[in-house]
Every structure is written in C-alpha cells, then in structure tokens.
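In: I need the structure of the sequence given here:
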Amino acid sequence: MTEITPVLAHLEAGHDRILAELIELAAIPSVSTDPAHAADVYAAAAWVAARLEAAGPFTVRIFPTPGSSIVYAEWLGAPGAPTALIYGHYDVQPAESPELWHSPPFAPTLRDGRLYARGVSDDKGPMLIPIKVAEAFFATRGRLPINVKFMIEGEEETGSPNLEAFVAEHRDLLRADVVISADGGMWRIDEPSLTVANRGLAGLELALHGPAKDLHSGRHGGSVANPLHAMASLIASLHQPDGRVAVAGFYDRVRELSAAERAEIAALPFDDARYLSQVGASAAVGEAAYTTLERQWTRPTLEVNGMWGGYQGPGQMTVVPSTAHAKITCRLVPDQDPEEIVALVTRHLESHVPPGTRITITPGDHGARPFHIGRGNPALKAAEAALEATYGVAPLIVRMGGTVPVAEIFQRLMGLDTVYFSFSTGDEDFHAPNEFFRVHRLHEGLAAWARLWDILGGPAAP
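Out: Have a look, this model is predicted:
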C-alpha cells in the first residue's frame with residue numbers, strides 16, 4: 001500500500017467544491033418513473049459523463065437503452081492490479097407530497113449539516129464519491145492504484161428493466177475482478193457496517209371467482225361460495241400456526257446459518273423493544289426459533305401485500321361478491337430460485353382452492369435471486385480495512401432484508417461478487433419527503449473510497 005496522505009489532503013481541500021458539485025447534480029430532476037422528465041434524466045447522464053471526463057484520462061461512453069442511458073467509463077492503466085467495476089445510479093424517485101417537503105425537492109438546501117434534496121442520498125451523493133476519488137488520485141499521483149470501470153445507470157428506481165440485457169451483451173466490456181456498489185446504504189448512522197447478503201424476491205397475484213356476478217346476499221347468501229370468505233381461508237392455509245410457510249418444498253433449498261453466523265448476528269446492537277416502538281407494533285412475530293434480525297435478514301418469507309373485492313364504498317351494499325383478489329410476494333434467501341418459488345406457491349394455491357370457487361394466478365413481472373458474498377472475499381476484506389482506518393473501529397457485518405437485483409445480475413451473468421460501499425444510511429428518508437444526505441458522510445466516504453482503492457492496489461501500486 002502506498003502513501004495515501006496526499007490523496008486524502010487533496011480531497012479534504014476540495015470538500016466545499018465537491019459539495020457544490022453534488023448540489024448541482026441534485027438539482028436535476030432525473031425522475032426515471034415519469035416520462036415527462038426524460039430530458040432531465042438524460043441531462044443527469046450527460047452531467048455524470050462530463051464529470052468522469054473531467055476527473056482524468058477516462059474513456060467515457062454513453063450507451064442508449066430502450067429506457068434511460070448507461071454511462072460507462074474506464075481507465076486500465078494499472079497492469080497487474082485488480083479491476084473494479086463501480087456501480088451506481090443517477091435517477092431518482094418522484095418527489096411526491098410537495099406540501100410535506102420543508103424545502104423544494106429539487107432546490108438542494110443545507111440545514112444543520114444535512115443536504116436536503118430528492119435523490120441526494122439515493123444515490124447521487126454516494127455515486128459522486130468514487131468519481132471525485134478518481135479525480136484526486138489523478139491530480140496527486142497521475143494514475144489510479146487499480147484499474148477502474150464505471151457503470152452508472154438511470155433506471156434503478158424503475159427496477160432496472162434494461163440492465164440485465166446490457167450486462168449480458170457487454171460481458172467483455174464489463175469484465176472485472178469485483179463490483180463495488182455506491183448504492184446500498186449502511187445499516188445505521190452510529191456504526192460503520194458492511195452488508196454481505198440481501199434477500200431475493202418473487203411475487204404473484206391471484207383471483208378467486210365465485211358466482212358470475214355480484215349477488216344479493218339475502219337472496220343468495222349461504223347457498224353459493226363467497227369468494228372473500230374463500231380467499232381468507234386460502235390465504236390462511238399459506239402459514240402454519242408457528243409462523244412457518246406451509247407451502248410444500250418452500251424451505252428445501254434454504255441455506256441454514258452456521259452457529260458462528262448466528263452468534264455474529266446475536267452480537268449486533270439490536271433491541272427488540274426499541275424496534276417495536278419505532279415501527280409501532282405490539283409484538284414481534286414470525287417463524288419460531290429465530291430472532292427478529294434472523295427473520296428479517298436470513299429467513300424466507302411469504303407476505304400478503306393486499307386483498308380486495310366486493311363493495312368498499314360508504315355504508316353497506318349487501319352483496320355476495322363475484323371475485324376476490326390478493327397480491328403475494330416472497331423474500332428469498334440462498335439458494336432459493338424465484339421461478340421455483342412461484343411454481344411451488346402456485347401449486348399450493350391450486351390444490352387448496354375452496355369449493356365453489358375457481359382460481360386464476362398471474363406471476364409477477366420479474367423476480368430477483370438472493371445475493372451473498374463470502375466473508376473471505378479479498379475486496380470485502382479491503383473494505384473492512386478501509387472503514388476501520390476511516391472510523392477507528394471495525395465495521396459491523398450485517399445483512400439486508402430487502403432486494404437489490406443488480407448484485408445478483410452480476411453474480412449470475414459474470415461470476416462477480418459485489419461489495420456494497422455506500423455512505424447513505426437507512427434513516428435519510430430516501431423515497432420519502434425531506435430526503436437528505438449528511439455532509440460529514442460525504443467527506444468520510446471520500447476518505448474511505450480512497451483507502452479502499454489504495455488497499456486493493458497493494459504493494460504493486462505505483
């Protein structure tokens with residue numbers, strides 16, 4: 001590892017300038033879910049490409065897709081050193097409920113050490129950090145300690161519908177030793193952490209059909225099946241009383257935790273009572289014999305996301321409805337497969353249809369496999385060392401209950417592991433009014449990314 005002090009000093013001297021650039025980027029309303037913002041989305045892509053070109057001697061390209069463009073850049077001037085593929089996204093969520101924002105969502109505003117703007121934490125602030133770190137290395141050393149490729153997309157907030165096809169088509173271009181994601185976020189603000197796993201996702205929608213039309217409940221009630229009653233019975237059949245999913249085969253591929261992994265999770269600073277107070281729940285429930293964190297991070301789930309049917313207006317309408325509906329999603333863990341889980345749940349539902357009804361099932365648009373990175377991965381070890389050097393304490397090793405499809409895509413299509421190295425945290429209200437990014441996290445992220453690259457470069461780094 002080479003002397004990193006000049007790089008860190010350059011970054012520290014540029015704090016105000018880098019913050020000003022983030023303010024400029026956050027002011028672009030790059031809302032990928034709204035076609036009315038298509039020009040803004042492209043403007044953000046062009047902004048990112050321009051900053052990469054200004055950072056150093058990168059080869060920069062903008063790839064159009066059927067949706068938003070992908071910004072790609074590479075510098076491969078470190079022979080013998082590893083190659084890192086840097087992932088991030090420049091698109092943002094819509095800024096709904098403007099009356100709840102304390103300042104306009106696309107007029108970035110500093111208050112109490114926080115920069116408020118839509119997308120500033122997810123993912124513009126974290127995404128800008130490695131670009132500015134590259135700039136600092138080129139300015140102080142004239143080169144990077146590792147080979148670096150950037151792939152910054154503009155459709156993450158719409159589920160990255162064109163990303164998998166792009167990766168499949170450009171495997172050779174994207175070839176690397178590891179992916180480092182600027183997207184993801186740390187667990188909490190008071191402890192540095194590294195995420196080593198996230199759950200996958202599978203979903204479906206079902207409808208139960210009874211009579212051909214809504215019927216008068218006085219004339220027909222008690223003589224024909226009520227689809228809402230039948231739906232309640234069918235949904236109840238999906239779980240056992242102890243919280244386990246009752247679908248045959250559901251757990252067959254689940255990778256059980258080792259005793260060491262369970263002990264590591266148990267040692268984390270987590271309090272059930274505090275958690276329940278935060279979410280406003282009266283008790284923790286779920287699969288027996290597992291802790292709350294184990295259920296959230298390492299166990300598969302089957303959740304009913306919505307049920308509806310019949311009359312829902314004011315007052316009463318005394319009908320036996322003709323149809324009832326429900327939406328179901330499953331969070332998956334290694335080594336479950338989304339298509340197989342949908343097939344298993346479908347088989348269960350079809351075999352438990354209550355008498356007098358028939359079922360139709362529609363699989364979800366797409367699923368995502370779970371992701372896990374081995375603890376011995378050299379890039380993960382380097383990330384641990386970089387965070388410890390930055391914060392003075394070893395990072396916590398945590399998992400994520402949610403789903404990040406990009407990590408699974410890189411692992412499945414290219415055999416690449418992903419190290420999550422984002423400096424946002426879950427309390428920064430991304431996807432909600434008054435999203436913010438802590439300014440000190442911007443600066444800490446700059447230092448940590450510089451150390452990470454330097455460590456990855458190893459003794460061979462010039």
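
In: which residues are contacting stretch 226-235?
Out: Contact with stretch 226-235 is made by 208-210, 304, 307, 309-310, 320-326, 349, 352-354, 356-357, 359, as judged by Cβ atoms under 8 Å, 6 or more residues apart in numbering. (C-beta placed from N, C-alpha, C; glycine too.)

In: Show me just the buried residues among those residues.
Out: When those are checked for burial by 16 or more other Cβ atoms under 10 Å, the buried set is 208-210, 309, 320-326, 349, 352, 354, 356-357, 359.

In: Narrow those to those in strands?
Out: Judged by DSSP state E, strands contain the following of the buried ones among the contacts of stretch 226-235: 208-209, 309, 320, 323-326, 359.

In: Quick test: name the residue nearest the centre of this protein.
Out: residue 404 (3.7 Å; Cα atoms, centre = their mean).

In: That one and residue 353, how far apart?
Out: Distance, residue 404 to residue 353, using Cβ to Cβ, to the nearest Å: 35 Å.

In: so where do the strands sit in the stretch 51-200 of the chain?
Out: Using DSSP state E, counting those that start in this stretch, the strands of the stretch 51-200 of the chain run over 59-63, 70-75, 83-89, 109-111, 114-116, 147-153, 178-181, 193-198, 200-209.

In: Kindly report the same for the stretch 351-462 of the chain.
Out: Remark: strands assigned in the stretch 351-462 of the chain by DSSP E, counting those that start in this stretch are 358-363, 371-372, 396-400, 418-420, 436-438.

In: Where does the prediction get shaky in the chain?
Out: Along the chain, the parts satisfying pLDDT under 70 run over 1-2, 459-462.

In: element containing the residue located most distally from the centre of it?
Out: Among residues of the chain, the one most distant from the C-alpha centroid is residue 219; the distance is 51.3 Å, by Cα atoms, centre = their mean. Per DSSP states H and E, residue 219 falls inside helix 217-220.

In: Would you indicate which residues of that helix are buried?
Out: Buried positions in helix 217-220, judged by neighbour count with 16+ other Cβ under 10 Å: none.

In: now do stretch 291-309
Out: For stretch 291-309, the neighbour count (16+ other Cβ under 10 Å) marks 291-302, 309 as buried.

In: Among these, which ones are in helices?
Out: Under the assignment DSSP state H, these contribute 292-298 to helices.

In: What are the boundaries of the helices in the stretch 251-400 of the chain?
Out: Here the stretch 251-400 of the chain has its helices, by DSSP state H, counting those that start in this stretch, at 259-266, 272-279, 292-298, 338-351, 378-391.

In: so what's the closest residue to residue 379 other than its chain neighbours up against?
Out: Excluding the flanking residues, the one nearest residue 379 by Cβ to Cβ, 6 or more residues apart in numbering is residue 178, at 4.1 Å. Shown in contact with residue 178 (Cβ under 8 Å, 6+ apart): 82, 84-85, 377-379, 416-419.

In: just the buried members of the residues you listed?
Out: With burial judged by 16+ other Cβ under 10 Å, the buried subset of those is 82, 84-85, 379, 416-419.

In: for those residues, which one is nearest residue 432?
Out: Nearest to residue 432 among the buried ones among the contacts of residue 178 is residue 418, at 25.5 Å by Cβ to Cβ.

In: So which of the strands of the stretch 351-462 of the chain is nearest residue 153?
Out: strand 418-420 (14.0 Å).

In: Mind listing the strands the closest one pairs with, and their directions?
Out: Sheet pairing of strand 418-420 (DSSP bridges) gives strand 178-181 (parallel).

In: And the nearest residue to residue 56 once chain neighbours are set aside, how close does it get to residue 148?
Out: In space, and not counting its chain neighbours, residue 56 is closest to residue 138: 3.4 Å by Cβ to Cβ, 6+ apart. From residue 138 across to residue 148, the span is 11 Å (Cβ to Cβ).

In: Between these two, which has more neighbouring residues?
Out: More neighbours surround residue 148 than the other of residue 138 and residue 148, with 28 against 18 (other Cβ atoms under 10 Å).

In: my guess is residue 386 contacts residue 457, does it?
Out: No: applying Cβ atoms under 8 Å, one finds residue 386 not in contact with residue 457, separated by 11.8 Å.

In: any common contacting residues for these two?
Out: Common neighbours of residue 386 and residue 457, counting by Cβ under 8 Å, 6+ apart, are absent.

In: so what's residue 354 up against?
Out: Shown in contact with residue 354 (Cβ under 8 Å, 6+ apart): 208, 225, 229-230, 233-234.

In: Show me which pair in those residues is furthest apart.
Out: The most widely separated members of the contacts of residue 354, counting by Cβ to Cβ, are 225 and 234 (11.5 Å).

In: Those two: which has the busier surroundings?
Out: residue 234 (21 against 17).

In: ok so that one is a helix residue?
Out: Yes: counting by DSSP: H, G, I helix; E, B strand; the rest coil, residue 234 is part of a helix.

In: Relative to residue 180, how far out is it?
Out: Between residue 234 and residue 180 the computed distance is 45 Å (Cβ to Cβ).

In: Leaving aside the residues adjacent along the chain, what's closest to residue 15?
Out: Nearest to residue 15 is residue 443, by Cβ to Cβ, 6+ apart, at 5.7 Å.

In: count of residues packed around that neighbour?
Out: Neighbourhood size, residue 443 [other Cβ under 10 Å]: 19.

In: Same question for the one 10 residues further on.
Out: Taking other Cβ under 10 Å as the neighbour definition, residue 453 ends up with a count of 28.

In: How about residue 65?
Out: A count of nearby residues for residue 65, using other Cβ under 10 Å, gives 15.

In: How about the contacts made by the nearest residue to it once chain neighbours are set aside?
Out: Spatially, and ignoring its direct neighbours in sequence, residue 65 is nearest to residue 162 (4.1 Å; Cβ to Cβ, 6+ apart). Neighbour list for residue 162: 65-68, 155 [criterion: Cβ under 8 Å, 6+ apart].

In: thinking again about what came up before, kindly provide the distance from the residue nearest to residue 379 to residue 146.
Out: According to Cβ to Cβ, residue 178 stands 10 Å off from residue 146.
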